[in-house]
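Trainee: have a look; sequence and predicted model below, questions after that.
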Amino acid sequence: MPGMPPQVICYERADDVGFGVSGVVTPARSIKASFPQLDPAQIPMAAPVKSEKVAYLLDPIGASRRSLALRSADVVLQLFRASNTASRATRGYPFLPRQSTTGLVLSMG
C-alpha cells in the first residue's frame, strides 16, 4: 500500500552475477548524527525498525535451482516444521547476527 512503511524486507537472489535487494536495515548512526531532529516519516519509503528476524526461505514447490546439498537441507528442515502454513516456506534463525532495533528500514528501489 503506497505511503505505508514496508512490512517485509526480502533479500532476493538473482539469476545473474550479483544480487538484488528490496530494502536495507541500517543503524543510521551517521544519518542521525547529521540530522539530530530526524523524523523518519519525512523520508519516502523509510520507517523505524520495530523488530527484526532472519528467515531461511525453503523451496516447497521445487521452483529454484538449488544445489543437492541445499535441497537435502530443505528436506531435513521440512521434516521438523510446525503444522501451520507460514512455516512451510520459511525457517527462522534462533539468533540475529547484528540487531539494529534503533535503526531505519530504507527502500533500495
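Mentor: Structure's in. What do you need?
Trainee: can we go C-alpha only for contacts and neighbour counts from here?
Mentor: Fine.
Trainee: pretty sure Val25 contacts Met108?
Mentor: No. Taking CA atoms under 8 Å as the definition, Val25 is not a contact partner of Met108, at 10.2 Å.
Trainee: count the residues that sit near the nearest residue to Leu38 once chain neighbours are set aside.
Mentor: The spatially closest residue to Leu38, leaving aside those adjacent along the chain, is Lys32, at 6.5 Å (CA to CA, 6 or more residues apart in numbering). Burial of Lys32, expressed as a neighbour count using other CA atoms under 10 Å, amounts to 14.
Trainee: quick check: domain ranges of the protein?
Mentor: Residue ranges for the domains of the chain, per automatic domain parsing: 1-54+95-109, 56-92.
Trainee: biggest helix in this structure, by residue count?
Mentor: helix 68-79 (DSSP state H).
Trainee: tell me which helix or strand comes right after that helix.
Mentor: In the C-terminal direction, the helix or strand that comes right after helix 68-79 (DSSP states H and E) is strand 90-92.
Trainee: about what we covered before: could you list the buried residues of the longest helix of the chain?
Mentor: With burial defined by 16 or more other CA atoms under 10 Å, the residues of helix 68-79 counted as buried are Arg71, Asp74, Gln78.
Trainee: quick check: the nearest residue to Leu57 once chain neighbours are set aside vs Val24, distance?
Mentor: Among residues not flanking Leu57 along the chain, Thr90 sits closest, at 4.6 Å (CA to CA, 6+ apart). If you measure Thr90 against Val24 using CA to CA, to the nearest Å, the figure is 20 Å.
Trainee: returning to what we had before: Val25 and Met108: which has the busier surroundings?
Mentor: Each of Val25 and Met108 had its neighbours counted (other CA under 10 Å), and the higher figure belongs to Val25 (19 against 10).
Trainee: show me where the chain has its helices.
Mentor: Counting by DSSP H, the chain forms helices over residues 29-34, 68-79, given from the N-terminal end onward.
Trainee: for the record, mean pLDDT for the first one?
Mentor: Rounded to a whole number, the mean pLDDT of helix 29-34 is 86.
Trainee: same for it, what does it pack against?
Mentor: Using 3 or more CA pairs under 8 Å, 6 or more residues apart in numbering; DSSP states H and E as the contact criterion, no helix or strand is in contact with helix 29-34.
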